[in-house]
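Peer 1: my questions concern the predicted model and sequence given below.
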Amino acid sequence: MSRPRVIRCAACAGRIKPQHPHIGVENLETGEEFSYHARPDCQKRCVEETVTRLEAGKVFAAHHYHSSSCPDAAPGFGCSGGCFDTPMAVAN
Ligand SMILES: [Zn+2]
Ligand SMILES: [Zn+2]
């Protein structure tokens with residue numbers, strides 16, 4: 001039995017429930033992942049911090065984790081679950 005990993009938002013330090021929509025920004029060199037809430041103010045911090053990290057020459061991949069109750073089989077922006085109502089600007 002492994003305990004579920006506690007995810008904290010890198011923007012507001014609040015806890016993110018894994019079944020709720022959230023964003024992961026993964027450092028492809030280290031595998032370290034920064035997580036952010038899907039809400040607009042945390043997404044904004046996510047974009048700002050990712051731009052700063054990209055400018056530092058690091059390589060990142062963004063993952064969008066949809067709600068566990070999201071009805072779309074292959075969800076994206078504008079999914080019927082409404083996970084990411086405010087689309088995050090593409091950082092490159
Ligand atoms: Zn947050
Ligand atoms: Zn969704």
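Peer 2: Arrived safely. Residues are numbered from 1 along each chain as shown. Ligands and ions are numbered 1, 2, ... in the order given.
Peer 1: and residue 79, how many neighbours does it have?
Peer 2: 19 (other C-beta atoms under 10 Å). For glycine as for every other residue, the C-beta is placed from the backbone atoms N, C-alpha and C.
Peer 1: now what about stretch 51-71, what contacts it?
Peer 2: Residues from elsewhere that reach stretch 51-71 (C-beta atoms under 8 Å, 6 or more residues apart in numbering): 18-29, 33, 50, 72, 75-76, 79-81, 83-84, 88, 91-92.
Peer 1: spell out which parts of this structure neighbour ligand 1.
Peer 2: Residues of the chain lying close to ligand 1 by C-beta under 5 Å from the ion are 9, 11-12, 14, 37, 42.
Peer 1: of those residues, which belong to helices?
Peer 2: Judged by DSSP state H, helices contain the following of the residues of the chain next to ligand 1: residue 42.
Peer 1: nearest residue to residue 8 other than its sequence neighbours?
Peer 2: residue 15 (5.8 Å; C-beta to C-beta, 6 or more residues apart in numbering).
Peer 1: quick one: pLDDT of that neighbour?
Peer 2: Listed pLDDT for residue 15 reads 96.
Peer 1: now do stretch 65-82, average pLDDT.
Peer 2: 88.
Peer 1: cool, thanks, signing off.
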